[in-house]
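A.B. asks: this one's sequence-less:
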């Protein structure tokens with residue numbers, strides 16, 4: 001059986017408990033579970049709000065177009081025709097999936113922005129009347 005090494009200060013703490021004591025998991029969890037805009041009321045630019053879905057839509061469109069090219073190569077190329085027939089539809093479906101996910105994500109973000117604005121307005125009204 002292996003004996004864990006002693007700490008330099010002489011305390012008999014296991015490496016696991018030492019790791020738990022020094023980690024900042026609670027603060028990291030709190031930061032990652034909420035977006036910054038919930039805690040601060042600073043306005044963000046459109047790019048800050050919509051950059052993720054725009055990237056997903058553009059990558060999806062690029063993969064979809066690549067799938068179209070690969071599928072069309074299966075019609076013209078004699079060599080490796082089976083490879084093109086297998087890879088083309090895979091890229092088509094992956095690109096279409098990313099494209100649709102990004103396009104659906106945009107209205108969801110808009111709806112959340114409206115709800116957040118209503119919530120901030122109601123909070124300001126509540127603080128005005130009850131303070």
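C.D. replies: Noted; the coordinates are in hand. Quick caveat: nothing in here was measured; it's all calculated off a predicted structure.
A.B. asks: average model confidence for stretch 78-89?
C.D. replies: Stretch 78-89 shows a mean pLDDT of 84.
A.B. asks: Give me the contacts around that stretch.
C.D. replies: The contact list for stretch 78-89, computed with Cβ atoms under 8 Å, 6 or more residues apart in numbering, reads 67, 68, 70, 71, 72, 73, 74, 77. Yep, even glycine has a C-beta here, placed from its N, CA and C like the rest.
A.B. asks: List the buried residues of the helix or strand encompassing the third one.
C.D. replies: For residue 70, the element it lies in under DSSP states H and E is helix 46-76. Applying a neighbour-count criterion of 16 or more other Cβ atoms under 10 Å, the buried positions in helix 46-76 are 49-50, 53, 56-57, 60, 63-64, 66-67, 70-71, 73-74.
A.B. asks: downstream neighbour of it in the secondary structure list?
C.D. replies: Following helix 46-76 toward the C-terminus (DSSP H and E): helix 81-130.
A.B. asks: So what angle separates the directions of that next one and helix 46-76?
C.D. replies: In terms of direction (axes from the mean of the first three to the mean of the last three Cα atoms, to 10 degrees), helix 81-130 departs from helix 46-76 by 160 degrees.
A.B. asks: residues in contact with stretch 51-58?
C.D. replies: So stretch 51-58 is contacted by 98, 99, 101, 102, 103, 105, 106, 109 (Cβ under 8 Å, 6+ apart).
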